[in-house]
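>>> I'd like to go over a predicted model; first the sequence, then the structure.
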Amino acid sequence: MMGLRAAMTNRFVNVMVLAGCATASGCVVIPHAVSYSAVNAPPRPFVRRAPADVDVFVGKPPARPYVDVGLFEVTQGTTDEGSRTPTESMIKSLRMHAALRGCDAVQILGVELISSYNHHVSHESRMVSGVCEMYTDEQAQLAAVRLASASPPPLPGEGKSCVAPDGPTPEQPPCPDPLVCAHNVCASPYQ
């Protein structure tokens, strides 16, 4: 129960930071805040793939045998104009992160409304949660060997230099979403 309470507190703080960031001048707003939590050991090593290669399920699990290996939470971001991003964009981000992580499929568990307060003003956003699934059948084993031998194309900005942890400067802009700055290089958030 204590872990759940801490996770809910962290989620509340993250939402408040995003809401406050959206109204602050000069603040860089992340399109979607995405978190990943491991649940079970994967049946084989993760292999990055293209987002189109990740199966997406809503309301039902895959018919193929699989293992739930992790949980994604995608918190709604804002557009450059300050409006909330649509759910479709959040699902696209979920699929992109599932591909970078190496999931065979992602099952969308639901869309949740999150309320937060900042300077006595109520803010509402949504969160999409989904499960990273890896298939365990022979077809998946063969596909994993094929993917491991092929090098995935780099994402725009991947491998470019960046500045961390103090944040971007005009000379060194931030890494494009979904990349993160790791050892002063824009890289996948899943290594």
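Done, it's in.

>>> tally up the residues packed near R64, please.
14 (other CB atoms under 10 Å). For glycine as for every other residue, the C-beta is placed from the backbone atoms N, C-alpha and C.

>>> ok, now N118?
Residues contacting N118 under the criterion other CB under 10 Å number 16.

>>> now do the contacts for the most centrally placed residue in the chain.
In the chain, the centroid-proximal residue (CA atoms, centre = their mean) is V34; its distance is 3.5 Å. By CB atoms under 8 Å, 6 or more residues apart in numbering, the residues touching V34 are 72-75, 93-94, 97, 178, 189.

>>> top of these by number of neighbours, please.
Ranked by neighbour count (other CB under 10 Å), those have V74 at the top, with 28 neighbours.

>>> in whichever strand or helix holds E88, what's buried?
Using DSSP states H and E, E88 falls within helix 87-101. Across helix 87-101, burial judged by 16 or more other CB atoms under 10 Å covers 89-101.

>>> TSV for those residues, including distance to T136 and pLDDT?
Output for the buried residues of helix 87-101, formatted as TSV (distance: CB to CB, whole Å; pLDDT from 0 to 100):
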residue	distance to T136	pLDDT
S89	31	90
M90	28	91
I91	25	93
K92	27	93
S93	26	93
L94	22	95
R95	21	96
M96	24	94
H97	22	95
A98	17	97
A99	19	95
L100	21	95
R101	17	95
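
>>> out of the residues you listed, which is nearest to R146?
Closest approach to R146 among these (CB to CB): A99, at 15.2 Å.

>>> hang on, the closest one packs against V56?
No. Judged on CB atoms under 8 Å, A99 makes no contact with V56 at a distance of 10.8 Å.

>>> pLDDT score for the residue nearest to the centre of the chain?
Per-residue confidence (pLDDT) for V34: 92.

>>> what strand or helix carries it?
If you go by DSSP H and E, V34 is part of strand 33-38.

>>> which residue of the chain lies farthest from its centroid?
Farthest out in the chain is H120, which, by CA atoms, centre = their mean, sits 29.4 Å from the centre.

>>> what separates that residue from S83, distance-wise?
22 Å (CB to CB, to the nearest Å).

>>> let me see the domain layout of this structure.
2-151, 154-191 (automatic domain parsing).

>>> what residues does the helix holding E88 touch?
Everything outside helix 87-101 that qualifies as a contact, by CB under 8 Å, 6+ apart, is 31-32, 34, 36, 46, 48-51, 53-54, 56, 70, 72, 74, 76, 105-106, 108, 111, 126, 128, 130, 132, 177-178, 188-190.
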